[in-house]
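[1] Curious how this folds, go ahead:
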Amino acid sequence: MVPGPRVFAARRSPLILCQDRRIRAPLPHGAEPPLIDLTRHRPDPRALDRIGIETALQLGVLPLQPAGAVTPVVTEGYRQFRDARARLERTLGPVICARAHRDDIERRILALRAPTLAARAALRTPESVSCRNWSGRRLAVALAAILTAIALAALAWPGVLIAALTVWAALTLISVTGLRLFAAVVEARHARRVGQTWASQRPLRHPSGRQPSISLLVPLYDERDIAGRLVDRLARLDYPRDRLDVLLILEADDTRTQKALEDAELPNWMRIVEVPTGKVRTKPRAMNYALDFARGQIVGIYDAEDAPAADQLMKVADAFRSAGPEVACVQGVLDFYNARQSWLTRCFTIDYATWFRLVLPGMVRLGFVIPLGGTTVFFRRAALERLGRWDAHNVTEDADLGIRLARRGYRVAFINSVTEEEATASVPAWLRQRSRWIKGYAATWAVHMRDPLRLWGELGAMRFLGFQILFLGTLSQFVLAPFLWSFWLVLFGLPHPVTTIAPWSVILGLSAVFLVSEIATLAIAALSVATPKHRWLIKWVPVMHLYFPLAAIASWKGFAELITRPFFWDKTAHGRDATPRPADRAAPPLRRPGEAALRTRG
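    Modelled structure (predicted):
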């Protein structure tokens with residue numbers, strides 16, 4: 001005969017022992033511990049620290065003050081207690097179980113340890129691959145020494161300096177253009193073979209079998225103009241609601257976004273996580289903090305203005321299910337829904353099409369290391385934890401994480417699913433956004449080159465070379481862009497400094513390289529938009545000649561901020577395009593009867 005659960009009296013309310021330790025018999029079917037009021041019981045901070053705050057949040061457990069020889073542990077239910085019991089007893093000894101709502105458990109844990117979690121959010125990444133010790137002062141001294149040496153060289157050997165700049169500019173131009181062209185051609189040929197149109201066409205259906213749980217992290221800051229639309233778009237995701245966990249991440253002092261989300265009426269599978277203020281206010285720090293509250297096996301990232309394809313999460317689940325454990329990350333395709341807004345949004349759309357539809361997938365196919373996108377990117381949570389999450393001090397945490405994945409032997413897979421977002425429509429805003437990206441790329445390259453031999457050993461020769469081309473080569477192209485443009489003078493028969501130090505045959509060769517690279521760049525751009533949806537953009541490809549110089553301007557701002565404000569996150573404003581997408585015009589109701597929003601405060 002199986003004995004019933006034993007009742008243990010502790011202070012003001014009964015706690016139920018879920019299993020007899022000697023017989024190991026389960027509770028009768030359907031039996032659950034009683035629901036208790038956590039405000040009437042004292043948690044045990046020391047026991048919480050012994051378990052680990054992050055482990056307690058992940059398991060959804062809260063130890064209370066010891067009662068005799070056992071430790072009462074509050075969980076969401078018997079099943080959660082049963083799954084965590086062996087792990088808890090290794091640390092706490094004998095435990096008994098009581099039940100409370102998961103959000104109440106999290107709130108009590110935060111009341112005890114929110115400052116600790118906030119402090120750890122900035123230090124998750126190992127110091128050896130983090131840029132948190134970046135010193136703008138040291139960089140300023142180094143740059144001053146380099147510029148002084150260049151100035152002296154220009155006075156003493158002007159011809160040598162011009163020759164060195166010319167060789168480096170030509171070498172990086174050939175390398176960067178060649179890599180992009182090679183990747184684009186490989187991906188285009190593959191797409192033609194499989195009949196791919198770079199559009200999400202998967203039928204909306206739920207396959208048999210239980211889907212993996214997915215947590216979506218959505219960092220928001222000052223998004224009063226787009227928060228409501230974001231909730232509508234996420235509500236259209238075709239994925240089992242009991243396996244979906246959406247965390248809307250806010251800074252604690254962002255009252256405008258909080259008000260916008262309160263007006264939107266969140267369903268019960270969306271939660272608000274408020275990040276305590278800190279010295280660093282970046283997207284990766286906010287995600288590091290929120291990840292402790294995520295419950296999914298897979299963790300995905302969306303931005304405030306994103307409109308993902310309805311079937312995207314089903315494709316993500318399928319991709320992870322069919323891939324081996326070495327595939328730790330799945331990246332989707334990014335596109336813009338306001339491409340027609342201005343000439344800049346048209347060019348930005350072409351730029352993104354080139355990057356996400358051809359170059360990045362082609363590089364993955366060739367086995368190179370890639371910088372990830374900051375949104376529509378999904379991770380196996382276990383791998384993400386082993387890597388040390390995101391570098392809270394890197395303003396392009398996505399690019400950095402792509403390199404760290406490769407260094408640990410993980411691979412990235414692309415899925416044929418599109419997320420539309422809002423392209424920046426004004427030149428000043430575009431410059432701010434692109435300068436942040438360039439600043440982060442420079443910091444990422446510098447951090448991973450602290451030990452070049454180790455990086456070579458971890459990546460291998462080919463991927464190490466690809467990393468140098470993609471990061472150092474691209475950064476060099478931004479800085480040397482005005483020098484490269486000066487070769488247009490040669491093409492038009494005008495005087496150029498290089499004509500004084502090089503024979504005419506060399507000058508013609510350099511001019512030909514410059515011209516061919518321009519043609520190749522525009523050809524890749526045209527190929528990337530040669531699809532039914534984007535074919536109308538082909539006539540705008542020549543306008544990219546006006547678009548590319550903006551990156552050179554942004555690079556100087558980014559490099560200056562590496563000295564003055566290396567961790568400053570230059571916020572991109574969203575919601576400026578008032579034209580709704582067709583899917584936004586008929587939003588379904590967000591709240592079903594009995595649903596309620598949850599809030600986790602730091």
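
[2] Go ahead and flag the most central residue of the chain.
    Nearest to the mean C-alpha position of the chain, counting by CA atoms, centre = their mean, stands Gly374 at 3.6 Å.

[3] quick one: that one and Asp400, what's the gap?
    Distance, Gly374 to Asp400, by CB to CB, to the nearest Å: 11 Å. From N, CA and C alone the C-beta is placed, and that goes for glycine too.

[4] what does Gln80 give?
    For Gln80, the distance to Asp400 equals 35 Å [CB to CB].

[5] between those two, which one's more packed in?
    Shown here are Gln80 and Asp400; by other CB atoms under 10 Å, Asp400 has more neighbours (28 against 18).

[6] Tell me the pLDDT of the more buried one.
    You'll see Asp400 listed with a pLDDT of 96.

[7] from memory it sits against Asp391, does it?
    Yes: here Asp400 lies in contact with Asp391, judged by CB atoms under 8 Å, at a distance of 5.3 Å.

[8] list the residues that contact both of these two?
    Common neighbours of Asp400 and Asp391, using CB atoms under 8 Å, 6 or more residues apart in numbering, are Val129, Cys131.

[9] so how far is stretch 478-491 off the chain centroid?
    34 Å (CA atoms, centre = their mean, to the nearest Å).

[10] Could you point out the longest helix of the protein?
    Longest helix of the chain, by residue count under DSSP state H: helix 158-194.

[11] buried stuff in that one?
    For helix 158-194, the neighbour count (16 or more other CB atoms under 10 Å) marks 161-162, 165-166, 169-170, 172-173, 175-177, 179-181, 183-184, 186-188, 191 as buried.

[12] Leu217 looks like it's in a strand, true?
    Yes: Leu217: assigned to a strand according to DSSP: H, G, I helix; E, B strand; the rest coil.

[13] That one pairs with what?
    Following DSSP bridges, Leu217 is listed with bridge partners Leu247, Ile301.

[14] Any figure for the gap between it and Ala294?
    As judged by CB to CB, Leu217 and Ala294 stand 7 Å apart.

[15] between these two, what contacts are shared?
    Common neighbours of Leu217 and Ala294 (CB under 8 Å, 6+ apart) are Leu247.

[16] ok, how many other residues are close to the nearest residue to Trp569 once chain neighbours are set aside?
    Sequence neighbours aside, Thr282 is the residue nearest to Trp569 in space, at 4.8 Å (criterion: CB to CB, 6 or more residues apart in numbering). Thr282 is flanked by 23 other residues according to other CB under 10 Å.

[17] May I ask you to confirm that Thr282 is in contact with Phe567?
    Yes: with contact defined as CB under 8 Å, Thr282 counts as touching Phe567 (6.7 Å).

[18] Identify the contacts common to those two.
    His393, Val395.

[19] Could you say which helix or strand holds the residue nearest to the centre of the chain?
    Assigned by DSSP states H and E, Gly374 belongs to neither a helix nor a strand.

[20] Next, it: phi, psi?
    Backbone torsions of Gly374, given as degrees, to the nearest 10, read phi -80, psi 0.

[21] Show me what the longest helix of the chain is packed against.
    Secondary-structure packing of helix 158-194 (3 or more CB pairs under 8 Å, 6 or more residues apart in numbering; DSSP states H and E): helix 136-156, helix 360-366, helix 474-485, helix 504-528.

[22] Out of these, which is the most enclosed?
    helix 360-366 (a mean of 22; mean count of other CB atoms under 10 Å).

[23] Centre of the chain to it, how far?
    19 Å.

[24] tell me what that helix is packed against?
    Under the contact definition 3+ CB pairs under 8 Å, 6+ apart, helix 360-366 sits against helix 158-194, strand 411-421.

[25] so can I have JSON lines of those showing distance to Asp245?
    Listed next are those as JSON lines, based on distance: least, CB to CB, whole Å:
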{"stretch": "helix 158-194", "distance to Asp245": "33"}
{"stretch": "strand 411-421", "distance to Asp245": "18"}
